[in-house]
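[1] sharing a model prediction with you, sequence too.
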Amino acid sequence: MKGKIVLALSAILLLSVGLFACESEQEKEDITGWYYSENGNTYLEVPETNEWNWKGGSGGQIKPKKGNWYYFFSGNRIAYMVHIKDGVLTLYKDDMPVGTYVKGGEPPRELTTGLEYDFEEGVCAVTGIGSARGKHIVIPSEHLGHPVTKVGGYAFEGCGWILSVTIPDSVTWIDGYAFSGCESLQEVNIPSSVTRMDRGVFKGCASLVEVVIPDSVTELDGEGMFLECSSLTSVTLPDSLESIGPWMFRECSSLVEFDFPESVTSIKSEAFYGCSSLKSLVIPAGITQIAGRVFRFCGGLESIMVEEGNEVYRSEGNCLIKKNDLVWGCKNSVIPAGGGVSGIAEGAFSGCSGLTSLTIPEGVVYIGKEAFAYCKNLAKVKISYTVKSIGSSAFSSCTALEKINIPVTVTSMGNAVFGGCFGIMIFCEADQQPEGWSQSWNGAVSTVVWSSWTLPEEVTG
């Protein structure tokens, strides 16, 4: 009988490490989610009577003891103590745990041992990796009899070897930067028990492809939440979210599309900065605040549209417009003429590497600071005679720009308007530098031709 008990335990242990690859075995799932093998190996099941049966070589049986505890009988002898709770079965031999097994959509993974924990004001939190070194982290739902309700701040920071994290449904709070720097992390589940997530949770998780944040999360500090998640392609956010936090998706260079929850009313600074693969944007009717540099260096952006009913923003010609200010554009932008746009706002096209040519139409009065900065492929710009002011660094680092005409109407020019535009020829219609121009307006890197009323066709055309 002893040999049969060992056989049963060995079979269960094989389950825990996923040794279902043998062609002679077929992985199955019973009505409770436990896995077993058909070919005579040990497996678990719960009949309709709700009695746990342990089938297999031993012929043993699990019988209730008290609460979540069970006896594993082999014949008339108690071979193991069994604890079953929240989808986790733990075997005990001589009061020592000898195996843990988890329900799920794949072969069971063992609970992770060696993690660090902390108790503060009645809250049990997992706070560090401790001695654990597995690639698949399964956080237990209990520690020393206390429910684990929190993943502490920086708990797994810099654990570059982790591939997946399973969070138990006892957790309600994931603190700031909990998984930051886990550069190999590919999979993480966030259970519907979680109601709060703080800033930077997944910062620097460069291998993370998809994340679903459940609707249960009503407190979400999005600041830097997915900063530098360069492989991220899909994100689902809770329906109650009101703000896309600062730097929330900064440098998410694989993000192609993004759907805003209808509840969102604001987009904070640099939220999508560097999302170079982002193709299109649909701004919901409820968004009333969009901060600066939000879409800077989104060179792949092709279209911008605002839903009907938005009382603050509108879209026209693939331009995002607030009142009469063009606040953001893309590589397919055509600035509306006829007075509907009177200004190009600060950073409106900044980092738009897909933009190659543009006409500033009649009606535009000013071009703001860094409006076209780092548009490295912008080769041709035509400025209308209504423009009076050009802000600092407006065309800085536009390295493809070789010639440009500055109309005589421009009476104000900021610092380093053409900084970094080495070799550019600037044709100025004014006889001399106007008083309202900064002394360092061209960054001392360009050739300036004054009183230029007869200009090359490529400048005026």
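    Great, that's in hand. Numbers count the residues shown, from 1 in each chain.

[2] what about the stretch 301-450 of the chain, any weak spots by pLDDT?
    444-445 (pLDDT under 70).

[3] strands of that one, start to end?
    Secondary structure of the stretch 301-450 of the chain (DSSP state E, counting those that start in this stretch): strands at 303-306, 313-316, 319-322, 325-329, 343-344, 357-360, 366-367, 380-383, 389-390, 403-406, 412-413, 425-428, 447-449.

[4] can you list those in a markdown table and add mean neighbour count?
    (Glycine included, C-beta is placed from N, CA and C.) Listed next are those as a markdown table, based on neighbours: other Cβ atoms under 10 Å:
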| stretch | mean neighbour count |
| --- | --- |
| strand 303-306 | 18 |
| strand 313-316 | 18 |
| strand 319-322 | 22 |
| strand 325-329 | 24 |
| strand 343-344 | 24 |
| strand 357-360 | 17 |
| strand 366-367 | 24 |
| strand 380-383 | 18 |
| strand 389-390 | 22 |
| strand 403-406 | 21 |
| strand 412-413 | 20 |
| strand 425-428 | 20 |
| strand 447-449 | 13 |
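
[5] need these in a markdown table (columns: distance to Leu185).
    Below are these laid out as a markdown table (distance: least, Cβ to Cβ, whole Å):
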| stretch | distance to Leu185 |
| --- | --- |
| strand 303-306 | 32 |
| strand 313-316 | 36 |
| strand 319-322 | 34 |
| strand 325-329 | 32 |
| strand 343-344 | 41 |
| strand 357-360 | 41 |
| strand 366-367 | 43 |
| strand 380-383 | 44 |
| strand 389-390 | 46 |
| strand 403-406 | 47 |
| strand 412-413 | 49 |
| strand 425-428 | 50 |
| strand 447-449 | 52 |
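
[6] now Gly128, nearest residue through space, not along the chain?
    Excluding its sequence neighbours, the residue lying closest to Gly128 (Cβ to Cβ, 6 or more residues apart in numbering) is Glu116, at 3.6 Å.

[7] that older thread, Val256 is nearest to which of the strands of the stretch 301-450 of the chain?
    strand 303-306 (12.8 Å; Cβ to Cβ).

[8] wait, the residue nearest to Gly128 sits on Val126?
    Yes: in terms of Cβ atoms under 8 Å, Glu116 counts as a neighbour of Val126; the distance is 7.1 Å.

[9] neighbour-wise, which of the two wins?
    For Glu116 versus Val126, neighbours defined as other Cβ atoms under 10 Å are more numerous around Val126 (26 against 15).

[10] three-state assignment of that one?
    Taken by DSSP: H, G, I helix; E, B strand; the rest coil, the conformation at Val126 corresponds to strand.

[11] wait, Leu157 sits on Glu183?
    Small correction: residue 157 is Glu, not Leu. No: between Glu157 and Glu183 there is no contact under Cβ under 8 Å: 11.1 Å.

[12] before we move on, the earlier item: contacting residues for the residue nearest to Gly128?
    With contact set as Cβ atoms under 8 Å, 6 or more residues apart in numbering, Glu116 has these partners: Val126, Thr127, Gly128, Ile129, Gly130.

[13] just grab the bridge partners of Trp328 for me.
    With DSSP bridges applied, Trp328 shows beta-bridge pairing to Leu320.

[14] quick one: contacts for it?
    Residues near Trp328 by Cβ under 8 Å, 6+ apart: Ile290, Val294, Phe295, Ile304, Cys319, Leu320, Ala345, Ala348, Phe349.
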